[in-house]
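Colleague: Make a model of this:
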Amino acid sequence: MADHDLTGFTRGLFTHEGITRRVLRRGEGPAVIVMAEIPGITPKVLEFAEKVAAIGCTAVLPVLFGKPGFDPDPKAHGQLKAGLYAASTALKVCVSREFTLLATGRSSRVVTWLRALAAHEHERCGGPGVGAVGMCLTGGFALAMATDERLLAPVLSQPSLPLAVNSRRACGIDISADELAVVKGRCERDGLRVLGMRFRGDRLVPGDRFAFLREQLGDAFTAVELDDSDANPDAVLPPHSVLTEHLIDEPGQPTRAALDEVLDLFRTRLLALKPPPRPLAAPPEASPPTSGGSNG
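Modeller: Below you'll find the predicted structure:
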């Protein structure tokens with residue numbers, strides 16, 4: 001791909017408690033907060049946002065890090081420039097006090113700002129509530145944001161925090177115990193559904209993390225776990241980004257089915273629409289008939 005010039009997206013600012021960030025928007029209808037993964041709002045993230053807008057929602061993309069529209073693929077800018085960009089973005093995140101990378105039982109500070117953004121967008125866009133998609137570093141933010149009753153459709157795509165440097169961190173997620181209790185209460189009382197997705201071989205998102213979410217949220221947590229062989233083989237990195245870099249956007253592909261499940265969640269919870277019928281898989285080709293006779 002190449003850099004995206006942000007055509008089709010409006011640009012604005014949002015301020016809460018003295019912190020101002022840029023925000024991109026596309027579409028009309030109930031808001032879905034789309035939180036990008038490192039290194040930022042790539043062309044693939046913008047493609048996902050376009051799909052959210054296409055079903056009748058407003059895709060809202062806060063600029064948390066990186067340069068919106070920059071294509072991190074070495075084919076676009078060369079290996080050196082792509083590597084320096086990714087390293088620079090990661091370094092800024094690591095030294096930021098707004099992101100909690102290692103601590104267990106704690107929500108990142110930026111979540112407070114994101115909740116305020118979601119409340120603002122709900123008032124601006126209308127509808128029954130708001131959706132949220134977090135990816136990788138931001139994956140668990142969608143869960144922590146669900147303490148607000150306006151958040152009706154949280155999606156955790158490859159939630160990677162806290163970094164799984166030991167077994168204790170591998171079997172947790174970046175949300176405080178008090179906030180997790182609120183989310184559990186919403187699941188039990190309001191029928192809140194939490195959708196998570198990962199590739200099984202992804203070391204950044206260990207299976208123990210999803211086991212923890214199943215234990216805490218019960219049937220309210222729906223896990224989409226894909227084989228590594230389901231990932232787009234043309235991606236630069238190993239299987240990780242279900243909805244963006246490793247998506248194979250073709251009918252019948254498991255990653256496309258995962259994408260469809262996310263969009264269906266937004267349709268049912270934010271638009272009160274039934275999901276469209278899925279195309280049937282093509283039947284296997286019949287084997288040619290074999291002769292029942294013998295030449296001997």
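Colleague: list the contacts for Leu156?
Modeller: Applying CB atoms under 8 Å, 6 or more residues apart in numbering, we find Leu156 in contact with Gly134, Gly139, Gly140, Ala142, Leu143, Ile173, Val194, Leu195, Gly196, Met197, Leu213. No exception for glycine: its C-beta is placed from N, CA and C like everyone else's.
Colleague: neighbours around the closest residue to Asp230 other than its chain neighbours, how many?
Modeller: Using CB to CB, 6 or more residues apart in numbering and skipping residues adjacent in sequence, the residue nearest Asp230 is Pro254, 4.1 Å away. Neighbour count for Pro254, taken as other CB atoms under 10 Å: 17.
Colleague: Test my guess that Pro254 contacts Asp228.
Modeller: No - using CB atoms under 8 Å, Pro254 makes no contact with Asp228, being 10.9 Å away.
Colleague: In this structure, where is pLDDT below threshold?
Modeller: Applying pLDDT under 70 to the chain flags the ranges 1, 101-106, 279-296.
Colleague: Go again with 50.
Modeller: In the predicted model of the chain, residues 286-296 satisfy pLDDT under 50.
Colleague: Let me see the ranges of the strands in it.
Modeller: Along the chain, counting by DSSP state E, strands occupy 10-16, 19-26, 31-35, 58-62, 130-135, 151-157, 194-199, 221-226.
Colleague: of those, which approaches Phe48 most closely?
Modeller: strand 31-35 (6.8 Å; CB to CB).
Colleague: The strands of the chain into CSV, with extra columns for distance to Asp178?
Modeller: CSV is the format used below for the strands of the chain (distance: least, CB to CB, whole Å):
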stretch, distance to Asp178
strand 10-16, 21
strand 19-26, 23
strand 31-35, 22
strand 58-62, 24
strand 130-135, 19
strand 151-157, 16
strand 194-199, 17
strand 221-226, 19
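Colleague: who's Met197 bridged to?
Modeller: Met197 has these beta-bridge partners by DSSP bridges: Ser157, Val224.
Colleague: correct me, but it touches Ala258?
Modeller: Yes - between Met197 and Ala258 there is a contact under CB under 8 Å: 5.3 Å.
Colleague: who has more neighbours, the two?
Modeller: Met197 (25 against 20).
Colleague: Distance check, the more buried one against Thr100.
Modeller: From Met197 across to Thr100, the span is 22 Å (CB to CB, to the nearest Å).
Colleague: what's the answer for Leu117, then?
Modeller: Leu117 sits 19 Å away from Thr100, taking CB to CB as the criterion.
Colleague: all helices for the chain, in order.
Modeller: Taking DSSP state H to define them, one finds helices in the chain at 43-54, 74-77, 79-95, 110-125, 141-145, 167-170, 177-190, 207-217, 254-270.
Colleague: With respect to Pro154, which of the ones you listed lies nearest?
Modeller: Closest to Pro154 of the helices of the chain, according to CB to CB: helix 141-145, at 4.2 Å.
Colleague: I'd like to know which elements the closest one is packed against.
Modeller: Counting contacts by 3 or more CB pairs under 8 Å, 6 or more residues apart in numbering; DSSP states H and E, helix 141-145 is packed against strand 31-35, helix 110-125, strand 130-135, strand 151-157, helix 177-190.
Colleague: 6 Å instead, please
Modeller: helix 110-125, strand 130-135, strand 151-157 (3 or more CB pairs under 6 Å, 6 or more residues apart in numbering; DSSP states H and E).
Colleague: Deepest-packed of those, please.
Modeller: Most buried of the helices and strands packed on helix 141-145, by mean neighbour count (mean count of other CB atoms under 10 Å): strand 130-135, with a mean of 29.
Colleague: quick one: contacts of that one?
Modeller: 31-35, 37, 118, 122, 141-142, 145, 150-151, 153-157, 266, 270 (CB atoms under 6 Å, 6 or more residues apart in numbering).
Colleague: What is the neighbour count of Asp73?
Modeller: Asp73 has 17 neighbouring residues, counting by other CB under 10 Å.
Colleague: Sorry, slip of the keys, the one I care about is Ala53.
Modeller: Ala53: 19 neighbours (other CB under 10 Å).
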